[in-house]
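Novice: I would like the atomic coordinates for the input below:
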Amino acid sequence: MPSAPAKKSPDCLDSPLTAVEFFSGIGAFAAAARGCGVRVIQAFDQSQQANSVYTYNFGLSPSSRNLDTISPSEIPTCDLWWMSPPCTPFSVRGKRRGDRDPRSASFLNLISLIPLSRPEMILLENVLGFAGSSIHRHLLQILSEAGYAIDELDLCSTLFGTPMSRPRRFIQARTGGSRECPAPVRLPCAQPMQPLSSFLDGEPSEDLFLSPELLARWGRALNIVDPQDPQAKLI
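Specialist: I've put the predicted structure just below:
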């Protein structure tokens, strides 16, 4: 008898992985997915302004459906869920109320739907303060009970040479489905930092400059840097 064909990796699939993007914003995940063999088939976000930008950039209109009460039947069947839920309930600059923060309701509802919808892959990012929170522990318990293999990783954009300090906790959960799930990301070392000036327009419009009055009032709270400084980065 002929041997069974080997499983294909995502890089050589006949059809791209399909994904649903929750809390889509202006489409950071959709932009990354373009070059990773992933096709976003539905996005969800409450901001009409963000949805307008998303539609313009990707030709897909996100749904403004309230995720607090969304049901599995309203979520398209797909291979992957991407979730970037509100970080305020876990931010060190906030009150860190976690599951007691009303802004966590949509995320908690989606967690409850995981055993019912069972996407083969779930990817999530949030601030470092999410790690160890009650919702973080609840998510890991739900994923574990549903039979997902879980990997966690802390990454910052500076590791990829981008001059922006944005440390985040990433969670990847995967099942033993019919598609080969991607291996967890591992970085052996940080990449050289690119200069901030290379990301900026050479001659920015004067309309983008803050007024002296705003600078006098809020300057102490702003991250003001010299773009020509090789160590300059956004925070």
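
Novice: below-threshold pLDDT in the chain: ranges please.
Specialist: Applying pLDDT under 70 to the chain flags residues 1-15, 92-102, 177-189.

Novice: show me where it has its helices.
Specialist: 28-33, 48-58, 105-117, 134-145, 212-218 (DSSP state H).

Novice: could those helices be laid out in CSV, adding mean neighbour count and distance to residue 84?
Specialist: C-beta here means a position set from N, CA and C on the backbone, and glycine is covered the same way. What follows is the helices of the chain, written out as CSV (neighbours: other C-beta atoms under 10 Å; distance: least, C-beta to C-beta, whole Å):
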stretch, mean neighbour count, distance to residue 84
helix 28-33, 17, 7
helix 48-58, 15, 12
helix 105-117, 18, 10
helix 134-145, 16, 14
helix 212-218, 10, 27
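
Novice: which of those helices sits closest to residue 230?
Specialist: helix 212-218 (24.5 Å; C-beta to C-beta).

Novice: which residues does that closest one contact?
Specialist: residue 222 (C-beta atoms under 8 Å, 6 or more residues apart in numbering).

Novice: with just CA atoms, put that helix into PDB.
Specialist: Presented in PDB, the C-alpha positions along helix 212-218 are these (Å, rounded to 0.1, in the frame of the first residue of the first chain):
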ATOM      1  CA  PRO A 212       3.800  75.700  22.100                       C
ATOM      2  CA  GLU A 213       0.700  75.800  24.400                       C
ATOM      3  CA  LEU A 214       0.200  72.100  24.200                       C
ATOM      4  CA  LEU A 215       4.000  71.500  24.800                       C
ATOM      5  CA  ALA A 216       4.000  73.700  27.800                       C
ATOM      6  CA  ARG A 217       1.100  71.900  29.300                       C
ATOM      7  CA  TRP A 218       1.800  68.300  28.400                       C
END
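
Novice: contacting residues around residue 45?
Specialist: Contacts of residue 45 (C-beta under 8 Å, 6+ apart): 23-25, 51, 54, 62, 64.

Novice: let's see it at 6 Å
Specialist: Residues near residue 45 by C-beta atoms under 6 Å, 6 or more residues apart in numbering: 24, 51, 62.

Novice: thank you, goodbye.
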